[in-house]
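Trainee: A structural model of the following input is requested.
(chains A, B and C)
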Amino acid sequence: MNLFKVCFHVSKLEDWPVALKNINNFINDISGESEFDIRVVANSAGVLILTNELRGELELNMKELSEKRVTFEFCNNALSFYKIDKKVVFDWAKVVKAGITEIVRLQDLGFSYIKP
Amino acid sequence: MNLFKVCFHVSKLEDWPVALKNINNFINDISGESEFDIRVVANSAGVLILTNELRGELELNMKELSEKRVTFEFCNNALSFYKIDKKVVFDWAKVVKAGITEIVRLQDLGFSYIKP
Amino acid sequence: MNLFKVCFHVSKLEDWPVALKNINNFINDISGESEFDIRVVANSAGVLILTNELRGELELNMKELSEKRVTFEFCNNALSFYKIDKKVVFDWAKVVKAGITEIVRLQDLGFSYIKP
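Mentor: Got it, this is the predicted structure:
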């Protein structure tokens, strides 16, 4: 079975709804035919989802996705910059030291890159 | 002769003029020295070109490009979401089931990714 | 020692501050553990940094980065389009014929792609 490895880069708050729609559509599309390993890396203003009202609208879908093979990763540099306490990070998500390093590392491992 | 394989991802209506300028410049630049296989994948709000007045301004250039080795592909999920009838898709363009799957598949085939 | 090769694509004036923050964080993160070869390719409205007041704020950091292994490259097509004289390009930066060709070429050489 084919394995699709994809990294979604979310660097703007307003990109979250489109990113999640992309991921849901992608999973529906390949479901049953291919496996996937999806990493969503949020850096810069992408981490503002954690403290924005948009969180309430999207959190349930994000949690559902995290129970499949979708990993959500938040850049610690961006959390520090925006003074966001790590405690507000979803407990099913990961904090990475630097989002860009993670995205580069993933591409070196053969992940496709998508900027929603 | 070198072959450049490039996927342009257009997810916003306003990205179309820049995307086309990029493609025209790219083709002019490599012309005669290298061959190319360019895929323009429109998803999310990128498909709104089909129903927007911008279509009139850009369609001729898009059609010209489609007669070279540039393929325009529209995401069916996005067409459904925006209630755009497939009949309005340019007859020289393609509809794909899910734009993201196409972009990932292309990167797996060695296409470079450009977000204009 | 690991070598990270990364291409940052800056096509909008307002993406410069985030791009530079990304690069600074990335270098700090991997410093001492990995080497890097970073190319920042500015095309479209990304070249407007040259004539915008933002230049004054960012130039010192850009120059510092250029003294490490960060290369700044400006698209000549975009310079022509915006009627920007090549003379105003930073003397530690490069002008390339077409930014898109450069980005595609870099990806073909194994560079990761980041759109800030």
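Trainee: who's in contact with A:Ile30?
Mentor: For A:Ile30, the contact set (C-beta atoms under 8 Å, 6 or more residues apart in numbering or on different chains) comprises A:Phe4, A:Phe36, B:Thr101. The way it works is simple: take the backbone N, C-alpha and C, and place the C-beta from them, glycine included.
Trainee: cool, A:Ile103 as well?
Mentor: Residues in contact with A:Ile103 (C-beta under 8 Å, 6+ apart) are A:Cys7, A:His9, A:Val41, A:Asn43, A:Tyr113, C:Ser112, C:Ile114.
Trainee: my read is it is in a helix, agree?
Mentor: Yes: assignment of A:Ile103 by DSSP: H, G, I helix; E, B strand; the rest coil places it within a helix.
Trainee: ok, now which ones touch A:Asn22?
Mentor: Applying C-beta under 8 Å, 6+ apart, the residues near A:Asn22 are A:Phe8, A:Ile114, A:Pro116, B:Asn43, B:Ser44, B:Ile100.
Trainee: Reformat these as CSV; add secondary structure, distance to C:Leu13 and neighbour count.
Mentor: Shown next, in CSV, are these (DSSP: H, G, I helix; E, B strand; the rest coil; distance: C-beta to C-beta, whole Å; neighbours: other C-beta atoms under 10 Å in any protein chain shown):
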residue, secondary structure, distance to C:Leu13, neighbour count
A:Phe8, strand, 25, 27
A:Ile114, strand, 24, 27
A:Pro116, coil, 21, 26
B:Asn43, coil, 25, 30
B:Ser44, helix, 23, 26
B:Ile100, helix, 28, 31
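Trainee: of the residues you listed, closest to A:Phe26?
Mentor: Closest approach to A:Phe26 among the contacts of A:Asn22 (C-beta to C-beta): B:Ile100, at 4.3 Å.
Trainee: Secondary structure element holding the nearest residue in space to the closest one that is not next to it in sequence?
Mentor: Leaving out its chain neighbours, the residue that sits closest to B:Ile100 by C-beta to C-beta, 6 or more residues apart in numbering or on different chains is A:Phe26, at 4.3 Å. Assigned by DSSP states H and E, A:Phe26 belongs to helix A:16-30.
Trainee: And that helix, how far out from the chain middle?
Mentor: Distance of helix A:16-30 from the chain centroid (C-alpha atoms, centre = their mean, to the nearest Å) equals 11 Å.
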